[in-house]
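A.B. asks: Predicted structure and sequence below. I'll ask about it afterward.
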Amino acid sequence: MEKTSLLDGESVAEDRRSSAKRPLALAKLAVAAFAVIGSGCLLATLHPTHQFDEGDITASTIPFPLKKYFPSNLYPPAHRLSKWVDYYFGTKFADPFRWLEDPFSDETLAFTKAQNKLARDYISALPDYHRFKTAYRSLTRYDAFGSPFKKGEFWYYTANFGGKLPQPILYRASSLDAPPEVFFDPNTQSPHGVDQVDATSFSPDLKTFAFLMTKNETDYGWIGFIDVETKKPIDAILTYTTRTLESPAFTWAKDGSGVVYTKYFKPPNLSFNDAGRNNDPFPQALKIQFHEFGSQQYQDILCIELNRADFPGGAKVYSTICSEKADGVLGDDDDEDDLHAVGGEVSLRVDAFTYKITLPKKNRMNEMIPTVPLYGEDEVGSMPASDVADPYDTSFIGESNGLRFYKTAAGASNYQVISVSSRGSAMVIIPETEDVLDDVHVVGDGIFFALYMRDATHVLRILANSTSSLDADDLPEKTTIVYEFPFYNGAASDVKADPDNGIVSFTYSNLVDPGTVYVYYVESGKTEIFRKMKLPKDYKVEQSQVFFNSTDGAVVPMFLVRHREAKSGAIAPAWLTAYGGFNVARLPTFTPFAVALAHHYRPATYALVNIRGGKEYGQNWYYSGRNLVKQHCFDDMIAAAKTLIDMGYTAPGRCGINGGSNGGLLTGAVSIQAPHIYGAGMADYGVHETLRYTNFTFGEFWTNDYGKKNNATEVLSASKWSPVYNVFPLPKHTDADSYQPYPALLITTGDHDTRVSPLHSYKLAALFQWAARVMDGEEEGDDGTRGLKAQASRPALLRIRELSGHNIFSLERKVDAFSEKAAFWAFHLDGSFHYF
């Protein structure tokens, strides 16, 4: 039967499979803001014995010759509901693999098991998988260091000597030159790095150390504690926690008796190890509890329950002990007169306009309960001034001299810093410049460490402003540049700012250089090198930057990594990657995979493309690549490949595209739109279903980029590029005579992805495989066509990484994942491997 649907695409009729096993739906809840994507691990007492790392894919015999054409009759069966149709604003859309949205049905489990076996068998047979993995792993065997920071009498820093461990160890030493001792080794808790350290915190008295770990690379965390003096684990493990150790989500008790922390509700019918396998909207309700040291988690005192639907006024308060024990507790009404604590509004005058800004929580991660920003309807250009208060992408950065500082895009597409007094007076103290203010840290009284972006590279400055108060008629002092660091060809990472000690440390690297760790001392103005990292060999690769014109004339930057001896005109495969969404910039930090690929497949090219949708050029760059103009992102990526072809580096059909998450969507869309340019696509953890995406995991927070489901213009615009709704046996604008097969596709997802549900990848793989069956004559198309172009389709494989969430953190697992993709890319684009 043909289905009809509600306005927003929700089906009216019941699925014929409604009796299949389904998880209980999670309650409608509020979600913690996970701006920082990190790593995590588990204490041995909680580490399940059945956890494992996938490790090497062992060689196996596949029942067919390894060819670029893939016989479609070898794909696992996938029942297609040909008459399952939804209507969105009067337009009909088929959704024949809707049943794959249920991750626990017998049919879905059988489908994913068979798909993963096929993908693993195929990859194991690729000639370059094992040799590239060996070469890539060899490249990563160098001494890697994190930025140091000081606590009490000790300096702390992470290190992975020889690159031998899945994740680095936290060391401490009496000085930066002194021999270090192991303080905390997470590898003893998660030997394969499936769980990894995501955040750390010292108690105010420096007696206790807390570490936060991710669980199976998901957005669920857990917290453990260590005695600083003995370095021994103490106390209970706190599970299902939010992934931050910053206030207000995590606060040390003032009397040292315990901690106030925030946790999610336990998903129904799932163990802690399985949490994340469900695809319901990610838990949107939180509990704030007090944990007393020496007790078990089940004994913790529940203080507050929060739900995004009724936050902040509708919080349910069960106990006041949290606010008694710690300051700044989320949902605590004691600070209701402090606009910084509760997120008040201020007015900012910029030129002839007044901007009303909704301040975030007094927390570097902005707010615990995120709300969808009230961005205007203008699709290009910075936010206009409005009578309605708006977040304007504003973040709290610190305080000094009784003032609090915020980075904001209000009235400044390239961002500026404002100072706000407790009475609500707001003034600009670090004005907008031609360079984009990417990040800024308070490192002393009126002293700031600012990271600017200039053509997608970091320019680092120490700034000073002596403004000590802001009365209504005061004017802020002029901000001056105290020092500009003398490097411009890369980006800073792992920034650690310490205003109490007047120290800031960071790593500056580029795509081919693992970087140097610097320490800057505010009082003396001196900079010293803590460690300079070096690769184990000279890989003879170099980074360059080019600029090209996109379809509409926009100038887009692109970083290239090539072997120093590679010449123009030596045609070879190219690997292009980008993100292009959510106001996120992709900067040229060290990428060992780029070095390995450019060296071992010379004269191949690795390209990092700074397409629109990010913030490389401020809010305007973001606005020109989201929602109604999302197509700009895909046009930029197609133009990037054409540029490399014009430069004589590669050829049509020998370009490969790779991206993750929003970049996975980019890979899917571009693979569909430009199969004549791109011969291989490696889509990781992608958002491919952009009509029903708000029903799953974090989807309801993506509407600024993909469109709101109750807006006809936005929904129908997204349908034109949404990968799941644009796969056909004959790609659009082609016929049987001019048929250009889709690229070879390796679609990767994780079985514990709480950010982007695996269903996106399941549906996309099933659709590409169905299209191949129709072309081969194995099935009949909806229009009755069959067998139009036999033995022409390339593989579309679904790789499901086990115990894997949205981000792979372990060094070993990263090497394995990228080796799979590199081998696939090289085979289908005729890459020639060089051992050294």
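C.D. replies: That came in fine, so what should we check first? Numbers count the residues shown, from 1 in each chain.

A.B. asks: Going by C-alpha atoms from here, please, whenever you check contacts or count neighbours.
C.D. replies: Will do.

A.B. asks: Tell me how many other residues crowd residue 464.
C.D. replies: 21 (other CA atoms under 10 Å).

A.B. asks: For it, which non-adjacent residue is spatially closest?
C.D. replies: Computed as CA to CA, 6 or more residues apart in numbering, the closest residue to residue 464 that is not its neighbour in sequence is residue 447, at 4.6 Å.

A.B. asks: Distance of that neighbour relative to residue 459?
C.D. replies: Distance, residue 447 to residue 459, using CA to CA, to the nearest Å: 17 Å.

A.B. asks: now swap in residue 201 and tell me
C.D. replies: 29 Å.

A.B. asks: swap in residue 800?
C.D. replies: Distance from residue 800 to residue 459, by CA to CA: 39 Å.

A.B. asks: cool, residue 642 as well?
C.D. replies: 30 Å.

A.B. asks: Looking at these two, which is more packed in?
C.D. replies: For the pair residue 642 and residue 459, the greater number of neighbours falls to residue 459 (24 against 20), based on other CA under 10 Å.

A.B. asks: Does that one touch residue 453 like I think?
C.D. replies: Yes. Using CA atoms under 8 Å, residue 459 makes contact with residue 453 at a distance of 6.1 Å.

A.B. asks: residue ranges with poor pLDDT in this structure?
C.D. replies: Filtered on pLDDT under 70, the chain yields the residue ranges 1-65, 283, 308-314, 330-343, 361-390, 467-477, 732-736.

A.B. asks: Okay, helices next: where are they in it?
C.D. replies: Along the chain, counting by DSSP state H, helices occupy 106-125, 129-139, 321-325, 339-342, 592-600, 619-623, 631-646, 662-673, 703-706, 712-719, 759-776, 811-829.

A.B. asks: Can you tell me the number of residues neighbouring residue 737?
C.D. replies: 8.

A.B. asks: do residue 618 as well
C.D. replies: Neighbours around residue 618, by other CA under 10 Å: 26.

A.B. asks: Then the one 10 residues further on?
C.D. replies: Residue crowding around residue 628 was assessed by other CA under 10 Å; the count is 23.

A.B. asks: contacting residues around it?
C.D. replies: By CA atoms under 8 Å, 6 or more residues apart in numbering, the contact set of residue 628 is 379, 707, 714, 717, 718.

A.B. asks: Narrow these to just the buried residues.
C.D. replies: 379, 707, 714, 717, 718 (16 or more other CA atoms under 10 Å).

A.B. asks: Compute the number of surrounding residues for residue 480.
C.D. replies: Neighbour tally, residue 480, other CA under 10 Å: 14.

A.B. asks: State the distance from it to residue 464.
C.D. replies: In terms of CA to CA, residue 480 sits 5 Å off from residue 464.

A.B. asks: before we move on, what about residue 743?
C.D. replies: Residue 743 is 53 Å from residue 464, by CA to CA.

A.B. asks: do the same with residue 251
C.D. replies: In terms of CA to CA, residue 251 sits 31 Å off from residue 464.

A.B. asks: again, but for residue 833
C.D. replies: On the measure of CA to CA, residue 833 and residue 464 end up 52 Å apart.

A.B. asks: Would you map the strands across the stretch 301-450 of the chain?
C.D. replies: 301-307, 316-317, 345-350, 353-358, 395-400, 403-408, 416-420, 426-430, 436-444, 447-454 (DSSP state E, counting those that start in this stretch).

A.B. asks: same for the longest one, what does it pack against?
C.D. replies: For strand 436-444, the helices and strands in contact under the criterion 3 or more CA pairs under 8 Å, 6 or more residues apart in numbering; DSSP states H and E are strand 395-400, strand 447-454, strand 491-498.

A.B. asks: Can you give the distance from it to the centre of its chain?
C.D. replies: 21 Å (CA atoms, centre = their mean, to the nearest Å).

A.B. asks: Give the pairing partners of that strand; include direction for each.
C.D. replies: strand 447-454 (antiparallel) (DSSP bridges).

A.B. asks: before we move on, what about the second one?
C.D. replies: Strand 316-317 has its sheet partners listed here by DSSP bridges as strand 301-307 (antiparallel).

A.B. asks: you'd agree residue 700 is up against residue 693?
C.D. replies: Yes. Using CA under 8 Å, residue 700 makes contact with residue 693 at a distance of 7.5 Å.

A.B. asks: Look at those two and report which has more neighbours.
C.D. replies: residue 693 (23 against 19).

A.B. asks: Quick one: residues contacting the more buried one.
C.D. replies: Contacts of residue 693 (CA under 8 Å, 6+ apart): 687, 699, 700.

A.B. asks: Going along the chain, name the strands of the stretch 451-600 of the chain.
C.D. replies: 457-464, 480-484, 491-498, 503-509, 516-521, 526-532, 541-549, 555-563, 574-577.

A.B. asks: Direction included, what does the shortest one pair up with?
C.D. replies: Sheet partners assigned to strand 574-577 using DSSP bridges are listed as strand 605-609 (parallel), strand 655-660 (parallel).

A.B. asks: can I get the CA coordinates of that strand in PDB?
C.D. replies: Provided in PDB are the C-alpha atoms of strand 574-577 (Å, rounded to 0.1, in the frame of the first residue of the first chain):
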ATOM      1  CA  ALA A 574      44.100  12.600  -5.500                       C
ATOM      2  CA  TRP A 575      42.600  12.400  -2.000                       C
ATOM      3  CA  LEU A 576      40.400  15.300  -1.200                       C
ATOM      4  CA  THR A 577      38.800  15.900   2.200                       C
END
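
A.B. asks: So which residues make contact with that strand?
C.D. replies: Contacts of strand 574-577 (CA under 8 Å, 6+ apart): 604-609, 641, 649-650, 654-659, 663.

A.B. asks: Make a PyMOL selection of the buried ones in these.
C.D. replies: Applying 16+ other CA under 10 Å to the contacts of strand 574-577, the buried members can be selected in PyMOL as follows:
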select buried, resi 604+605+606+607+608+609+641+649+650+654+655+656+657+658+659+663
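
A.B. asks: State the pair within the contacts of strand 574-577 that is farthest apart.
C.D. replies: Of all pairs drawn from the contacts of strand 574-577, the one with the longest distance (CA to CA) is 649 and 663, at 23.2 Å.

A.B. asks: Specify the beta-bridge partners of residue 504.
C.D. replies: With DSSP bridges as the rule, residue 504 is bridged to residue 497, residue 520.

A.B. asks: got the contact list for it?
C.D. replies: 443, 449, 495, 496, 497, 498, 519, 520, 521, 522.
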